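Novice: Here is the input, now give the coordinates:
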Amino acid sequence: MQAEGLIPMGITTSWMWKYDPKRLTFVFSRYKFVAKMLAGKKNVLEIGCADAFASQIVRHEVEAMTAVDFDPIFIEQAQAQINPDLPIKLIHHNMLEGPVPTDSMFDAAYCCDVFEHIDPASERDFLKNTLATLKSEGVLIMGIPSLQSQAYASEHNKQQHVNCKDGDEFKALMDEYFHNVFLFSMNDEVIHTGFSPMAHYLFVICCGKK
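Specialist: Below is the predicted model:
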């Protein structure tokens with residue numbers, strides 16, 4: 001502590017720690033899954049990084065990382081707490097407005113708890129702009145709350161979650177953009193291949209751009 005100081009939590013993680021600390025377990029488990037799936041990748045993009053606190057879990061497993069968010073307050077706050085030994089390039093960018101401004105294509109991209117906030121009328125713009133900076137052999141991982149989980153969601157989440165899907169619908173959408181789509185279910189911190197209508201959360205791993 002005396003030599004290096006303490007690491008502050010970000011905006012969203014501080015809120016979770018104060019009001020719903022067990023939720024941090026679920027969030028970190030999602031990021032751990034992404035980290036293990038993308039381990040060793042050279043250039044990775046996170047879409048919707050928020051305060052980028054959990055992003056460090058993935059950063060430890062990849063060579064280089066860029067993270068974007070549409071909210072400039074998140075990006076500004078995240079800049080102040082990034083580990084200088086494992087830097088993340090942070091960019092204020094809205095994926096609905098175009099691809100990430102970059103000089104190089106990404107080997108992989110991921111987003112957790114983002115797609116459910118995208119209006120269904122704009123979801124294809126989001127996907128088109130995401131794929132525009134992903135290499136042909138690149139991997140895309142997306143995680144969202146399942147449609148079935150919304151029966152137990154808070155009123156605030158129900159208002160914000162405008163694009164939750166069931167497993168079959170989620171996979172079918174991504175099948176339009178990739179040759180290979182693998183669907184996983186998640187309950188709390190456990191990821192499995194069980195019956196998706198009983199899952200609280202869904203992951204797809206997509207590869208082979210069409």
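Novice: The closest residue to I82 other than its chain neighbours: neighbouring residues, count only.
Specialist: Of all residues not flanking I82 in the chain, I88 sits nearest, at 5.4 Å (Cβ to Cβ, 6 or more residues apart in numbering). (Each C-beta comes from the backbone N, C-alpha and C, glycine too.) I88 has 21 neighbours, counted by other Cβ atoms under 10 Å.
Novice: One more: the one 5 residues further on?
Specialist: Counted by other Cβ under 10 Å, the residues lying close to H93 total 21.
Novice: That one touches P72, doesn't it?
Specialist: No. Counting by Cβ atoms under 8 Å, H93 does not reach P72; the two are 10.0 Å apart.
Novice: What residues of stretch 71-90 count as buried?
Specialist: For stretch 71-90, burial by neighbour count (16 or more other Cβ atoms under 10 Å) applies to F74, I75, Q77, A78, I82, I88, L90.
Novice: Quick one: which of those residues has the lowest pLDDT value?
Specialist: Within the buried residues of stretch 71-90, I82 has the lowest pLDDT, namely 86.
Novice: isn't that residue right next to C49, touching?
Specialist: No. The pair I82 / C49 is not scored as a contact, 10.5 Å apart, by Cβ under 8 Å.
Novice: and the nearest residue to T13 once chain neighbours are set aside, what helix or strand is that in?
Specialist: Excluding its sequence neighbours, the residue lying closest to T13 (Cβ to Cβ, 6+ apart) is F53, at 4.4 Å. Using DSSP states H and E, F53 sits in no helix or strand.
Novice: what separates F53 from S29, distance-wise?
Specialist: In this view, F53 and S29 are 14 Å apart by Cβ to Cβ, to the nearest Å.
Novice: Comparing those two, which shows the higher neighbour count?
Specialist: F53 (25 against 18).
Novice: quick one: contacts for that one?
Specialist: Residues in contact with F53, defined by Cβ atoms under 8 Å, 6 or more residues apart in numbering, are M9, G10, T12, T13, A78, Q81.
Novice: how does it look with 10 Å?
Specialist: F53 is in contact with 7-14, 16, 24, 27-28, 31, 77-78, 81-82, counting by Cβ atoms under 10 Å, 6 or more residues apart in numbering.
Novice: returning to that earlier point: which residues are in contact with both of I82 and C49?
Specialist: With Cβ under 10 Å, 6+ apart, I82 and C49 have common neighbours S55, A67, I88, L90.
Novice: Now do the same for the spatially closest residue to the second one that is not a sequence neighbour: helix, strand or coil?
Specialist: Which is A67. Counting by Cβ to Cβ, 6+ apart, A67 lies nearest to C49, which is 3.7 Å off, once chain neighbours are set aside. Secondary structure, DSSP: H, G, I helix; E, B strand; the rest coil: C49 is coil.
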